[in-house]
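[1] below are the sequence and a predicted model; questions follow.
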Amino acid sequence: MTWNFDAPLVGLSEKAKVDKDCVLWEAEDLGGMTEDNNRVPVPIVWLLLLTVLTAFAITFPLWGQRPTAAIYAGYAKLMDDPEVKAAANDADAMAKIMQKYQASGSEDQKRDQPLLDRHPLTMDDLRAIKPQIDKLVADNAHLEDYTVVGPAIVRANFEGNYRDPATKKDREYHQPWWDMGYTIDVFYVIAFFLGVTMTIKRLPPSSWQPRHGHEHK
């Protein structure tokens, strides 16, 4: 059962084991069913890889980040703008808020715009969270530590580093861009493909085909 790494892309077994496996393969008729020693079709391999990559892409933690109070602070501030207050209806008011915020070109706007596009809200939503944002601002709270859940703003349930490591006070509550569950997924997918590949390479190389009932040479 010795491993042989001289040609790992061809096989990982010593010749003695390969010969033994070939004899066993020829002798076992599987109840009259025969099995050839063919490679996995290339399209199937690419389809499997595409499935895995797509699954990882759409579940990447960064895409699933929840909206924080920080990204809506600019919107809440613009609610007091005279032009917004003079809007004919809520739809026009929201449109003016978005237009003014995007036109500001601030660093906050550039940073938060992707999340704002991903988590749009209505004027009613903004009315519900504005007083809570104003209170957090008055309390000098870190808005990025608070998550918007429906009409409520709550502190995020992610415990990060301390802002002041010396005193171990004022902990960050930011949602990480990468989480432990994703690390575990990556590890197990790599382990799965590596295990399957090594198992296949322990079999006789695909250049050998059983002749089903005939003596192997």
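    Yep, that arrived.

[2] how far does stretch 186-201 sit from its chain's centre?
    Stretch 186-201 sits 20 Å away from the centroid of its parent chain (CA atoms, centre = their mean, to the nearest Å).

[3] to clarify, my last question referred to stretch 187-203.
    Stretch 187-203 sits 22 Å away from the centroid of its parent chain (CA atoms, centre = their mean).

[4] burial measure for Thr122, as a count.
    Thr122 has 11 neighbours, counted by other CB atoms under 10 Å. Glycine gets a C-beta too; all of them are placed from N, C-alpha and C.

[5] Glu159 now?
    10.

[6] cool, the one 10 residues further on as well?
    By the measure other CB under 10 Å, the count of residues near Lys169 is 9.

[7] how close does it get to Val154?
    According to CB to CB, to the nearest Å, Lys169 and Val154 sit 21 Å apart.

[8] got the buried residues for the helix or strand harbouring Asp92?
    Assessed by DSSP states H and E, Asp92 sits inside helix 90-104. Neighbour-count burial for helix 90-104 flags Ala93, Met94, Lys96, Ile97, Lys100, Tyr101 (criterion: 16 or more other CB atoms under 10 Å).

[9] who does it touch, helix- and strand-wise?
    helix 69-78, helix 82-85, helix 107-118, helix 123-138 (3 or more CB pairs under 8 Å, 6 or more residues apart in numbering; DSSP states H and E).

[10] just to revisit the earlier point, now the buried residues of helix 90-104 as CSV including pLDDT?
    Formatted as CSV, the buried residues of helix 90-104 follow (pLDDT from 0 to 100):
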residue, pLDDT
Ala93, 95
Met94, 95
Lys96, 95
Ile97, 96
Lys100, 94
Tyr101, 94
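
[11] just give me the closest of the residues you listed to Leu49.
    Nearest to Leu49, judged by CB to CB, of those is Tyr101 at 41.2 Å.

[12] need the contact list for the closest one.
    Listed by CB atoms under 8 Å, 6 or more residues apart in numbering, the contact set of Tyr101 reads Gly74, Tyr75, Leu78, Gln109.

[13] not counting sequence-adjacent ones, nearest residue to the third one?
    Leaving aside its sequence neighbours, Leu78 sits nearest to Ile97 (CB to CB, 6 or more residues apart in numbering; 4.6 Å).
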